[in-house]
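Enquirer: Please work out how this folds:
(chains A, B, C, D, E, F, G, H, I and J)
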There are 10 protein chains.
Amino acid sequence: MLKNIPPILSPELLKVLCEMGHGDEIILADGNFPAESIGKDAIVIRADGHGTVELLEAILQFLPLDQYVEKPVALMKVVDGDPCKPTIWDSYKQKLNESGNDPAKIEMVERFAFYERAHHAYAIIATGESAIYANVLLKKGVVQ
Amino acid sequence: MLKNIPPILSPELLKVLCEMGHGDEIILADGNFPAESIGKDAIVIRADGHGTVELLEAILQFLPLDQYVEKPVALMKVVDGDPCKPTIWDSYKQKLNESGNDPAKIEMVERFAFYERAHHAYAIIATGESAIYANVLLKKGVVQ
Amino acid sequence: MLKNIPPILSPELLKVLCEMGHGDEIILADGNFPAESIGKDAIVIRADGHGTVELLEAILQFLPLDQYVEKPVALMKVVDGDPCKPTIWDSYKQKLNESGNDPAKIEMVERFAFYERAHHAYAIIATGESAIYANVLLKKGVVQ
Amino acid sequence: MLKNIPPILSPELLKVLCEMGHGDEIILADGNFPAESIGKDAIVIRADGHGTVELLEAILQFLPLDQYVEKPVALMKVVDGDPCKPTIWDSYKQKLNESGNDPAKIEMVERFAFYERAHHAYAIIATGESAIYANVLLKKGVVQ
Amino acid sequence: MLKNIPPILSPELLKVLCEMGHGDEIILADGNFPAESIGKDAIVIRADGHGTVELLEAILQFLPLDQYVEKPVALMKVVDGDPCKPTIWDSYKQKLNESGNDPAKIEMVERFAFYERAHHAYAIIATGESAIYANVLLKKGVVQ
Amino acid sequence: MLKNIPPILSPELLKVLCEMGHGDEIILADGNFPAESIGKDAIVIRADGHGTVELLEAILQFLPLDQYVEKPVALMKVVDGDPCKPTIWDSYKQKLNESGNDPAKIEMVERFAFYERAHHAYAIIATGESAIYANVLLKKGVVQ
Amino acid sequence: MLKNIPPILSPELLKVLCEMGHGDEIILADGNFPAESIGKDAIVIRADGHGTVELLEAILQFLPLDQYVEKPVALMKVVDGDPCKPTIWDSYKQKLNESGNDPAKIEMVERFAFYERAHHAYAIIATGESAIYANVLLKKGVVQ
Amino acid sequence: MLKNIPPILSPELLKVLCEMGHGDEIILADGNFPAESIGKDAIVIRADGHGTVELLEAILQFLPLDQYVEKPVALMKVVDGDPCKPTIWDSYKQKLNESGNDPAKIEMVERFAFYERAHHAYAIIATGESAIYANVLLKKGVVQ
Amino acid sequence: MLKNIPPILSPELLKVLCEMGHGDEIILADGNFPAESIGKDAIVIRADGHGTVELLEAILQFLPLDQYVEKPVALMKVVDGDPCKPTIWDSYKQKLNESGNDPAKIEMVERFAFYERAHHAYAIIATGESAIYANVLLKKGVVQ
Amino acid sequence: MLKNIPPILSPELLKVLCEMGHGDEIILADGNFPAESIGKDAIVIRADGHGTVELLEAILQFLPLDQYVEKPVALMKVVDGDPCKPTIWDSYKQKLNESGNDPAKIEMVERFAFYERAHHAYAIIATGESAIYANVLLKKGVVQ
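Expert: Have a look, this model is predicted:
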């Protein structure tokens, strides 16, 4: 643990956030996301038992979102016909807002397109989040 | 994640608990414990951001405590002159009780003796527990 | 070994089952299956000398089957002209039934299509099962 | 699997038995033996879920016992005061007899001396044997 | 070394033969075969100084040949125009015969097709065989 | 790079500072310190070309000094007879002061005792500092 | 550190510069460049906290630029519409000039073409340079 | 060093020459050849500071050239328009002659075709040869 | 394989013989010698199925024996009371003689002293020699 | 290769010289020195086929000798009774002199004390030097 850094950020996660560059992507994966198989060529960081909202809040203190794309955040779109309305998205928007990021800058990505994009992520955080449609992708911006 | 297993138990932690044998010891270290240096020859499992009580509860569902020693649990004794009264110990006793273990079977170990013993542990879990004197050592028993 | 977990589940197998996510596949391969070569890019877990039925029963206590596909279990179809009637399939159906899974949700896959699919499995368990046509594939579901 | 070799002998176990030389020792450890910690400097072979008797029988087909010491087999002596009478020892004697080895050539080793000796073993097989006092040590002889 | 197993079978070779499954192929390469480069993605086992006939005899005691293909053994065809008549092939046929395999079940493979197939072998044994056209490929069958 | 973290803290250094616990020590070694040989059993982090003062300032933003010892900072005492008066020590005291640490809490350690202690450090940062007697040791405290 | 070699050149960087051959390329990446992801198949050398100009100057003392191509240096072209005028380029030209290289021999490469080329670089130096459009690529020449 | 083997042949080079088979290629690269990048998938052997002629002489004592191709030696053709006349080629021819190989059996390969072929070499020796057009490729033959 | 080098010398053995220096020792261990356990800190080279005499002959072509000690060869003395008269020693003496070494320069070492010395050998060759008391130790000399 | 650096200094040697610190020692070992066994815990750099004089000259361009000890260079003393007068020492003195080092600052170390000291060296360069008593040890000084 360190002063001024939330304890939920593990040493390895800090390292990974720091070594990411402009345009690199990281995914906060929920507890059912196949993080190890989709992240075979990525860095997989275990955060078992943790929720995504708390992690998102901690990460946004240090990670700038990409200022050069229209939507540096991505969520997995609800599959057609699925009546589910993910309430966790509201928490995400609140955390974006609190950290000075525009909560409207969220891209909705079709499920399989999301998987495809995840294959190219720099890192995947395997959380224990139990909410569904809770996966969230962040594209790193420029540190100014 | 798996059915019937709390999500706070990471894949690696499950593996380690399972491969431990009779007499092997594991430490739930608080967030300030020097887990990586003392655990240089042990297996160190990161559980950053988690409290020790929640982990203890989950572990006791699967890990039998040593039935062949008098006190299979150990805590770090408060240093002489330190007025601190660790309230987290009450939570530990409650979790021991709830899991069918006798909460009286706790050995109080002097600080440096605790460190010395930790050097020989099979594994150390590096939690983010902020309470002090929160380190707790478990000695595995026989699975019957 | 652990309380409440069958001893046939090795530490590594527990870890692998736990780190699999929704949609990941695992194969219980019989003793003649080329597990090491087909599983070159997968995790191969040795379970030499064990039968597949006993393993299947133990795994289904913890591994949910995919609730989002029609048939989360797959078997290798008997090759045309082969009069063999694999009786071990009945044991599989019984174990599915006992664990609350619908034994009818089994897909029959042509031999070479099965091999192809096995190449993409997350893990292959190399058992010592001597029955033929005994390979069985499980697709992991969502933990609820 | 191979012709003429029992399937319970895994590829790695075969390799280890073969590379052992005159005087090297291997332990068939029961399911509660701390195989991974005591075997830290040894080769640990997982045989989760298997009994020691079946393994002993298979191993004795290929492994000669040391013809140059009086007692090439060792068991852990029952601790003083413990009324337990390990019946599994009878099975061991039967397997020794069936394989042409003299069942009388068994050394009884005090518990902690057994642990100490295990630290120097070439390999430890971590079985799932549930019988107590079931650990058995074999000293390899000369192949003639 | 082990009882009942020829000493020419090294520990690693035993392991590899045992972990091969139905359909996997192994090549006994002569001393001039580019075993390391063609076997870049395979397991290469050194058997420097040994002849292929002695190895073949030892291997056939444990390795069943594929009962499901017409020709589970392959040799490299003599290149057009080359008057060479490899007499070592007679020894191979004799060893096949002695081990209960039909010596007629040998496929003759054109040189470059042989190389191509060797690239996909599970293992290549680099012998010191000095005879030419001495490479021999074995396809593993089912252990019954 | 990250927001709110000085770019001189490399990803690996951040990770190491974070995984250190109460009582672990880190050394900011000058450019002539034998960091790789003395740090053989430690983690050596390269910071070639950097001065120690700038690094010290950045580290003290995150690393608490040990509140439980009298002197959590150590410097190498000037060797007897050496007229050198290291002016860089004044910069160190200023940085300690600016970060809320008492600049008086510095222990002066005899040269060879310093080397001996360095052998047990958790990490050594190999800087390019050209000032002499510039090595500085920090003992981590408790994060509150 | 060594005599006659600037301390900003780390041991590993010296090694990499030395093992590069005619035509190999190295990139001095600014602090926001995704060095770790684009350099996945390259050697990534951390130089956190350093500027590119100082590094360029040190490198040019030892690295000859390719005498066989017209433009052995490459910069990332300003994106269309971006009014930015990178002043750091003047420093680069000055350093080229001072080291006896023709500052006119600079190729301007479109942003995504630059990324593509970076994927094939032999090494990428991850600096902490904060200027934008500061990435610079060097193609090694022949040592005469 | 060994009796009857020139000391310029390093232990690793001896090993590599010995494990090469019929048809495998090795390159004696001059000091400017990009040995590490082109040899990424090959074995790269450092021979810094050595000339190619001395190495060639030593290698030809043990390495037979391919008797089954017309030209088992290859050199890089002088680029069109380049007036250079590599005198080192005469030394190569002399060494071929002295070792009983026909110096006429040299193939001249266009520069980029040479690079392409080098990508598939079994090994590349990185010498310090300063002569230009000095790279030489050898194709191993059959040991008789 | 190479010209002028016996094929029984494997690539790795050649490398090891070459990298040994003055005073380093190598053991040709018979098939029952515990080569892997005693050679835990040494380099173990497998030569399964080979005899020691043939290997000794090949090795002595390249390995000078220590000219600075009285007895650069060592054999294991027959244990007191053992009537065995190892005839293989005559073959060793003959090979020493044929290679220009004085067959009288053999030290007889007591069994456990031999084991102790073997622990410090640079390399151990695990042969398949079936003769008893066949282990032979060679101390490398100076190449002149 | 690099400009202004002799090609005999390999990339790895440059790296090692650069990462050495004040007081670290490096040995230029002659061709018969047991570099690999004595250097088991050191870094061993192969320089097969090279002489020590040429290497010494190149190294002294970059490596300062220890200004804080009386004799930063060490040679192996001629063994009592040995009439040998190593002429290579004159070349060493000349190279020391040419590089501005006092050739008188050479310590003569008894043979076994030299070996003992070599065990603690940071690195050993295994040259092919054929002169006897040619081993030379250098103690690195401070870069000013």
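Enquirer: which residue ranges form the strands in chain A?
Expert: Under the criterion DSSP state E, strands of chain A are mapped to A:25-29, A:43-47, A:73-76, A:106-109, A:123-127, A:136-139.
Enquirer: any chance of those strands in a markdown table, with mean pLDDT and mean neighbour count too?
Expert: C-beta: built from backbone N, CA, C; applies to glycine. Below are these laid out as a markdown table (pLDDT from 0 to 100; neighbours: other Cβ atoms under 10 Å in any protein chain shown):
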| stretch | mean pLDDT | mean neighbour count |
| --- | --- | --- |
| strand A:25-29 | 98 | 25 |
| strand A:43-47 | 98 | 22 |
| strand A:73-76 | 97 | 22 |
| strand A:106-109 | 97 | 16 |
| strand A:123-127 | 98 | 26 |
| strand A:136-139 | 98 | 24 |
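Enquirer: Which among those strands is found nearest to chain H?
Expert: strand A:43-47 (22.3 Å; Cβ to the nearest Cβ).
Enquirer: quick revisit: how about the strands of chain A in JSON lines, adding distance to chain F?
Expert: Below are these laid out as JSON lines (distance: least, Cβ to the nearest Cβ, whole Å):
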{"stretch": "strand A:25-29", "distance to chain F": "12"}
{"stretch": "strand A:43-47", "distance to chain F": "11"}
{"stretch": "strand A:73-76", "distance to chain F": "16"}
{"stretch": "strand A:106-109", "distance to chain F": "20"}
{"stretch": "strand A:123-127", "distance to chain F": "12"}
{"stretch": "strand A:136-139", "distance to chain F": "13"}
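Enquirer: how many degrees apart are the helix or strand of chain A with the lowest mean pLDDT and strand A:123-127 in direction?
Expert: One helix or strand of chain A scores below all others by mean pLDDT, DSSP states H and E: helix A:111-118, with a mean of 95. With axes from the mean of the first three to the mean of the last three Cα atoms, to 10 degrees defining the directions, helix A:111-118 sits at 120 degrees from strand A:123-127.
Enquirer: Please name every helix or strand in contact with helix A:111-118.
Expert: Applying 3 or more Cβ pairs under 8 Å, 6 or more residues apart in numbering or on different chains; DSSP states H and E, we find helix A:111-118 packed against strand A:25-29, strand A:73-76, strand A:136-139.
Enquirer: For chain D, which of those is the nearest?
Expert: Checking these against chain D by Cβ to the nearest Cβ gives strand A:25-29 as the closest, at 29.6 Å.
Enquirer: quick revisit: any idea which of the helices and strands packed on helix A:111-118 gets closest to chain G?
Expert: strand A:25-29 (9.0 Å).
Enquirer: ok, and what's touching that closest one?
Expert: Strand A:25-29 is contacted from outside by A:16-17, A:20, A:33, A:35, A:52, A:55-56, A:59, A:63, A:117-118, A:120-127, A:129, A:135-140, C:21, using Cβ atoms under 8 Å, 6 or more residues apart in numbering or on different chains.
Enquirer: can you rerun that using 7 Å?
Expert: Residues outside strand A:25-29 that contact it (Cβ atoms under 7 Å, 6 or more residues apart in numbering or on different chains): A:20, A:35, A:52, A:55-56, A:118, A:121-127, A:135-139.
Enquirer: just stretch A:57-70 next, same as before
Expert: Outside stretch A:57-70, the residues that touch it by Cβ under 7 Å, 6+ apart are A:6, A:8-9, A:17, A:23, A:72-73, A:95, A:99, A:101, A:105, A:138-143, F:2-5.
Enquirer: What residues of that stretch count as buried?
Expert: Neighbour counts using 16 or more other Cβ atoms under 10 Å in any protein chain shown place A:57-60, A:62-66 of stretch A:57-70 among the buried residues.
Enquirer: Kindly present the helices and strands packed on helix A:111-118 as TSV, with separate columns for distance to E:D90.
Expert: Output for these, formatted as TSV (distance: least, Cβ to Cβ, whole Å):
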stretch	distance to E:D90
strand A:25-29	62
strand A:73-76	66
strand A:136-139	66
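Enquirer: so which of those strands gets nearest D:A47?
Expert: Nearest to D:A47 among these is strand A:25-29 (34.6 Å), distances taken as Cβ to Cβ.
Enquirer: And the closest one, how far out from the chain middle?
Expert: Relative to the chain's own centre, strand A:25-29 is displaced by 4 Å; criterion: Cα atoms, centre = their mean, to the nearest Å.
Enquirer: Just want the angle from it to strand A:123-127.
Expert: Put simply, strand A:25-29 runs at 10 degrees to strand A:123-127, going by the same axes, to 10 degrees.
Enquirer: Partner strands of strand A:25-29, with direction?
Expert: Using DSSP bridges, strand A:25-29 pairs in its sheet with strand A:123-127 (parallel), strand A:136-139 (antiparallel).
Enquirer: The ones you listed into TSV, with extra columns for distance to A:D90?
Expert: Formatted as TSV, those follow (distance: least, Cβ to Cβ, whole Å):
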stretch	distance to A:D90
strand A:123-127	18
strand A:136-139	13
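Enquirer: which one of these lies closest to F:P83?
Expert: Closest of the strands paired with strand A:25-29 to F:P83 is strand A:123-127, at 53.2 Å (criterion: Cβ to Cβ).
Enquirer: picking that back up, among the strands paired with strand A:25-29, which comes closest to B:K85?
Expert: B:K85 lies closest to strand A:123-127 among these, at 34.9 Å (Cβ to Cβ).
Enquirer: what comes into contact with the closest one?
Expert: With contacts defined as Cβ under 7 Å, 6+ apart, strand A:123-127 is touched by A:13, A:16, A:26-31, A:35, A:38-39, A:42-48, A:50-52, A:55, A:118.
Enquirer: next one: that strand to chain centre, how far?
Expert: On the basis of Cα atoms, centre = their mean, strand A:123-127 sits 8 Å off its chain's mean C-alpha point.
Enquirer: Most distant residue from the centre of chain A?
Expert: A:G81 (25.2 Å; Cα atoms, centre = their mean).
Enquirer: State the distance from that residue to G:N135.
Expert: 47 Å (Cβ to Cβ, to the nearest Å).
Enquirer: ok, now A:L55?
Expert: Distance from A:L55 to G:N135, by Cβ to Cβ: 31 Å.
Enquirer: Compare those two and say which one has the larger neighbour count.
Expert: Using other Cβ atoms under 10 Å in any protein chain shown, the more surrounded residue of A:L55 and G:N135 is G:N135, with 25 against 22.
Enquirer: That one: what's it in contact with?
Expert: So G:N135 contacts G:27-30, G:33, G:76, G:114 (Cβ under 7 Å, 6+ apart).
Enquirer: for A:G21, same thing?
Expert: A:140, G:32-35, G:37.
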